[in-house]
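[1] sequence first, predicted model second:
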Amino acid sequence: MTVVPDDNLMTLICDTCGDSLTATACVLPDAEVVWTLVSEHGWSGSPFATGPHRCPHCSLLPPANPRQASIEGHGPGGILGIDHLDDATIVTASGDIDVATGDALRAALRQAAEAGAPVLVDLSRVHAIDSTGLGLLVRAHLDARERGLTLCLAAPSRFIRTVLHTMRLDGVFPIFDSREDALDRMARPALSVAAPTAET
C-alpha cells in the first residue's frame, strides 16, 4: 500500500480492516514520510508512505499470518538482555522493532533508565524499525534526559541509519559504529557523547 499525498493532506489506509484517516501529513519536507501522521494518531507501521500501516484498533491484534508479515531474514524481535556495567546500562535488542515487540522494549528501556547510568541500545541484531520503535526510542531519550542521562545507539543497520536520517533523528541520539566504540567513549567522562560520532 502507498499513501498518496494531496496538497498538505495524506490519507492512511489500514492494511488489516481498510479504515482510513485523512489529516495534515507532517512538518517534514519529504512527501514519502508519514511518521508524524502515524505517531500522532496511534497508528503503527512503516514511517514511510509505502506500508504496511495499521489503525489503532488493528495495531492491538496480531498479524493474520506472521510468516507472511515478516521480511526475508527478519523475524519477531525481542530483548536479548539488559547488562548493567560500571559506565552504562546496555539494552540489546534483536529482530524487528515494531508494534509486536514494543512493550518489551519499552519495559527494558524504562528499567535501564532507572539504573541511573547512561543507556546504550545495542542495535547490531536489529533488522528493521517502524514508527512504534522510533517513538519508543524518542520517548526513552526524553526520559533519560530528564534524569540527566544520555541514551546512545550502537551499530544500527544501514536501513535504520537511513530511517533515522530521513526522520531527522540522527542528530538526537549519539550514534556509534559498534558497541565497543560506544562503551569506550562513555567510559571517558571528560568527553561528551552529546553528538553523533559515526558517519551515516
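    Perfect, thanks for sending it. What you see is a predicted model, and the numbers here were worked out from it, not measured in a lab.
[2] how about the helices in this structure?
    35-40, 56-59, 66-69, 102-114, 131-146, 158-166, 179-186 (DSSP state H).
[3] go through the first one and flag the buried ones.
    When burial is assessed from 16 or more other C-beta atoms under 10 Å, helix 35-40 yields the following buried residues: 35-39. All C-beta spots, glycine's among them, are computed from the backbone N, C-alpha and C.
[4] name the helices or strands packed onto it?
    Packing contacts for helix 35-40, counted by 3 or more C-beta pairs under 8 Å, 6 or more residues apart in numbering; DSSP states H and E, involve strand 9-13, strand 20-24, helix 131-146.
[5] least confident secondary structure element in this structure?
    Across the helices and strands of the chain, mean pLDDT, DSSP states H and E gives its lowest value to helix 66-69, namely a mean of 37.
[6] longest strand in the protein, by residue count?
    strand 119-129 (DSSP state E).
[7] which secondary structure elements does that one contact?
    Against strand 119-129 (3+ C-beta pairs under 8 Å, 6+ apart) you get strand 89-97, helix 102-114, helix 131-146, strand 151-154, helix 158-166, helix 179-186.
[8] show me what contacts the spatially most central residue of the chain?
    In the chain, the residue lying closest to the centroid (C-alpha atoms, centre = their mean) is Leu134, at 2.6 Å. By C-beta atoms under 8 Å, 6 or more residues apart in numbering, the contact set of Leu134 is 35, 39, 47, 163, 167, 169.
[9] which two of the residues you listed have the greatest separation?
    Farthest-apart pair in those is Ser39 and Val163; separation 13.2 Å (C-beta to C-beta).
[10] quick one: the residue nearest to the centre of the chain and Arg185, what's the gap?
    Applying C-beta to C-beta, to the nearest Å, the value for Leu134 to Arg185 is 23 Å.
[11] over to Thr132?
    Distance of Thr132 to Arg185, computed by C-beta to C-beta: 28 Å.
[12] looking at these two, which one has more neighbours?
    Between Thr132 and Arg185, counted using other C-beta atoms under 10 Å, Thr132 has the larger neighbour count: 25 against 19.
[13] so who does Val38 touch?
    12, 44-47, 53, 131.
[14] from those, which single one is nearest Gly78?
    Ser44 (17.2 Å).
[15] hang on, the earlier thing: now do the buried residues in the longest strand of the chain.
    119-123, 126-129.
[16] direction included, what does it pair against?
    strand 89-97 (parallel), strand 151-154 (parallel) (DSSP bridges).
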